[in-house]
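Participant: can't give you the sequence, but here's the structure:
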Ligand SMILES: Nc1ncnc2c1ncn2[C@@H]1O[C@H](COP(=O)(O)OP(=O)(O)OP(=O)(O)O)[C@@H](O)[C@H]1O
């Protein structure tokens, strides 16, 4: 069988058939011999190809150049691969035992190969000697060998796959923990990380966590076992070959070294082409997903032609690169095929003179061909595995980079929390009159932009929310949105932030939520994190039942305090009541059949599962968000245009409920009708800024100094 090293497979990586070794005689280049050691190569190649397939593409920010530092790849490999086997946690020893079992089975496959090598020799000797009795006996031995040998190969493949799968699950869960801790998933998006540099953003984290991890564990295990197998194989068959004819061994070493050098030279641009292919396929797929997610908007705009044009362009880019990849693969395949086929002749050609002289039996020719094949395969790992190795190093690079960026994010968060002072300049704060919000003159405008400091201090001595000299920049640092803002909102109070679009209202919320940290100054929230609830401009609907929508995020997520969270979980009656309060009672009727028969009609409706963001209007989704707020009853609510899609009457009704509650809230809104529901108002007004600032900043930011009227104008 010719090894099709250049062809890229669209097959799923875990197609079982690709893992079953081709040990049947006649399917292998050596024609008469059984060479199961090759099965590893086949398996590894398919597994690695999975990272290259169209539907699981994970592009890198940039392809590795030929100068990619091998040391970095090695370090990344070690930091990704070792913890599973060395971590001091429950289960590590069982993993090691399983690995030992798979290693044992791998060694057994080599043993079986050696036995078949001798069986083949005797079988063909009996044939050439025209000895029917010996032939029948050898045939039986051969058949018996199948019965014993085949299960060894099958089980080795099965247990290896199983172990790789368990490893994958472990590694994926570990990455998910890192991904969701300290809001890395948000910070990792290009341009939102602290400092916003490209290096803090990684593309397609979804691809890295899913397909790259699967490819990594499969390939790492497969390749390690292949190397081990190759080593054992090399020792076992070198002995056989050396005992037959030492010059044959020398010819083999020369042949394999030449092959390795040749394939490296021919295949070197395959690495870059593979990387490009992945990026282009990912772009194509991303556009398709965007169309699906924005189907209604595209349909309203009648933007089909535009979308189709874009998709065709991206497809063309992928096809063009793929053509180059095919050409490069074809050239490499010419070489590898020739390399593979020629070895069918080479050993026979070298030992044939000995046979003609009667120095060896006919079966020895077959035996030497088989041994030659084995050793050549072992020595030619690079030739046969070139594409796999290239793909594997790409996977290591992507995953390693991903892990490092998450660690960097974590380190920067830790550094910030360590540098934050235990108490801060209360002398700057103008605490006093009945107005809870104070716009305070800044002490200095020259604070170096070392990042916004956030503190969740328990206790309300200085108000529930306090901003001190907050200067806020966009994550990329390209513009300063707010400069030296100091204010305070006390418990039970409310604040309305108004101002023209794009002035930075939501950005202040981002700073309060700790999402944006570029700039300087301090944000102190005298309320535990879990007692703050944010209603974003675009409501977020989770995947799940109607009940899940309403209990999110307080009771939906894996709570750190699960037991108490469960105790305080609202009953279905409370959930239904809240739905009615936010004027969504009609949903209970609409979804009563979708949820299926449960305990009563309302419970059935709460169990309904549909695509909520597609099924509910934006106004309905906003009311769902309000229902979440009322059920969760947090201490502090941050409402970013949370009623923008609602009619005035419903908006009024919802704010009346909020006003009567104990929730402290900060709203962003444009409508004047919101003013009566807020005790304090903050206006961001760029026109005022340019009017009062004697030296308007070049970035167009609004300065808050002791300016009267202040740029952040109290109303
Ligand atoms: N990730 C980002 N990187 C760089 N700039 C950003 C980013 N997100 C928002 N901006 C910019 O920051 C500015 C303030 O955005 P913000 O969302 O705070 O405005 P806003 O006042 O809430 O506007 P609107 O009323 O339209 O919601 C805008 O000019 C916006 O383009």
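Facilitator: Nice, thanks for sending it over. This structure is a prediction, so every number in the text was calculated from the model and none was measured.

Participant: as a whole number, average confidence for the host helix or strand of residue 368?
Facilitator: Taking DSSP states H and E as the definition, residue 368 sits inside helix 362-379. Mean pLDDT, helix 362-379: 78.

Participant: Could you tell me how far it lies from the centre of the chain?
Facilitator: Taking CA atoms, centre = their mean, to the nearest Å, one finds helix 362-379 lying 44 Å from the centre of the chain it belongs to.

Participant: Please identify the buried residues of that helix?
Facilitator: For helix 362-379, a neighbour-count test (16 or more other CB atoms under 10 Å) marks 363-379 as buried. To be clear about C-beta, it is placed using only N, CA and C from the backbone, and glycine gets the same treatment.

Participant: And for stretch 130-149?
Facilitator: Neighbour counts over stretch 130-149 (16+ other CB under 10 Å) mark 135, 138, 142, 145, 146, 149 as buried.

Participant: Of the residues you listed, which belong to helices?
Facilitator: 135, 138, 142, 145, 146, 149 (DSSP state H).

Participant: ok, now which ones touch residue 179?
Facilitator: Residue 179 sits next to 185, 188, 205, 209, 406 when contact means CB atoms under 8 Å, 6 or more residues apart in numbering.

Participant: host element of it?
Facilitator: Using DSSP H and E, residue 179 maps to helix 132-180.

Participant: Run the chain-centre distance for that helix.
Facilitator: Distance of helix 132-180 from its chain centroid, counting by CA atoms, centre = their mean, is 29 Å.

Participant: what's the next secondary structure element after that helix?
Facilitator: helix 184-187.

Participant: What about residue 463, how many residues nearby?
Facilitator: 22 (other CB atoms under 10 Å).

Participant: So it: helix, strand or coil?
Facilitator: coil (DSSP: H, G, I helix; E, B strand; the rest coil).

Participant: give me the beta-bridge partners of the nearest residue to it once chain neighbours are set aside?
Facilitator: Nearest non-adjacent residue to residue 463, counting by CB to CB, 6 or more residues apart in numbering: residue 488, 3.9 Å away. Counting by DSSP bridges, residue 488 forms beta bridges with residue 466.

Participant: Let me know the pLDDT of residue 488.
Facilitator: pLDDT, read off for residue 488, is 85.

Participant: do you know how far it is from the ligand?
Facilitator: 21 Å (CB to the nearest ligand atom, to the nearest Å).

Participant: ok, that residue - how many residues close by?
Facilitator: Neighbour tally, residue 488, other CB under 10 Å: 24.

Participant: And for residue 162?
Facilitator: 12.

Participant: Nearest to residue 555 among the ones in helices among the buried residues of stretch 130-149?
Facilitator: The nearest member of those to residue 555, counting by CB to CB, is residue 149 at 56.1 Å.

Participant: Quick check, the closest one in contact with residue 114.
Facilitator: No: counting by CB atoms under 8 Å, residue 149 stays clear of residue 114, with 10.9 Å between them.

Participant: which residue ends up closest to the midpoint of this protein in space?
Facilitator: residue 209 (2.6 Å; CA atoms, centre = their mean).

Participant: Next, residue 472: secondary structure please.
Facilitator: Assignment for residue 472 (three-state DSSP): strand.

Participant: Show me which residues of the stretch 401-550 of the chain sit near the ligand.
Facilitator: Residues of the stretch 401-550 of the chain that fall close to the ligand, judged by CB under 6 Å from any ligand atom: 474, 475, 476, 481, 501, 502, 503, 504, 505, 506, 507.

Participant: which phi and psi does the second one have?
Facilitator: In this entry, residue 475 is assigned phi and psi values of phi -60, psi -30 (degrees, to the nearest 10).

Participant: For it, report the pLDDT, please.
Facilitator: Confidence score, pLDDT, at residue 475: 82.

Participant: Let me know how buried it is, in neighbour terms.
Facilitator: By other CB under 10 Å, neighbour count at residue 475 equals 24.

Participant: Could I get the buried residues of stretch 130-149 in TSV, plus columns for distance to residue 356 and pLDDT?
Facilitator: Putting the buried residues of stretch 130-149 into TSV (distance: CB to CB, whole Å; pLDDT from 0 to 100) gives the following:
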residue	distance to residue 356	pLDDT
135	23	88
138	24	87
142	27	85
145	30	87
146	33	87
149	33	89
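
Participant: Quick check: the two most widely separated of those residues?
Facilitator: Longest span within the buried residues of stretch 130-149, CB to CB: 135 and 149, 20.2 Å.

Participant: In this protein, what residue spans correspond to strands?
Facilitator: Using DSSP state E, the strands of the chain run over 453-455, 465-473, 480-489, 494-498, 519-525, 532-535, 636-640, 664-668, 680-684, 702-703, 712-714.

Participant: about what we covered before: for the helix holding residue 368, name the packing helices and strands.
Facilitator: Counting contacts by 3 or more CB pairs under 8 Å, 6 or more residues apart in numbering; DSSP states H and E, helix 362-379 is packed against helix 92-128, helix 213-244, helix 246-293, helix 304-356.

Participant: Out of those, which is closest to residue 671?
Facilitator: helix 246-293 (28.7 Å).

Participant: For that closest one, what does the pLDDT average out to?
Facilitator: Throughout helix 246-293, pLDDT has a mean value of 81.

Participant: Also compute the angle for that helix relative to helix 304-356, please.
Facilitator: Using axes from the mean of the first three to the mean of the last three CA atoms, to 10 degrees, the direction of helix 246-293 lies 170 degrees away from that of helix 304-356.

Participant: and helix 246-293, how far out from the chain's middle?
Facilitator: With CA atoms, centre = their mean, you get 23 Å for helix 246-293.

Participant: And for stretch 212-221?
Facilitator: 13 Å.

Participant: what's the answer for stretch 326-334, then?
Facilitator: 31 Å.

Participant: model confidence over it, on average?
Facilitator: 87.

Participant: Now do the buried residues in that stretch.
Facilitator: Within stretch 326-334, the residues that qualify as buried are 328, 329, 332, 333, counting by 16+ other CB under 10 Å.

Participant: try stretch 107-120
Facilitator: 107, 108, 109, 110, 112, 113, 114, 116, 117, 119, 120.

Participant: Confirm for me that the first one is in contact with residue 235.
Facilitator: Translated: residue 107. No: in this structure, residue 107 is not within contact of residue 235 by CB under 8 Å, at 11.3 Å.
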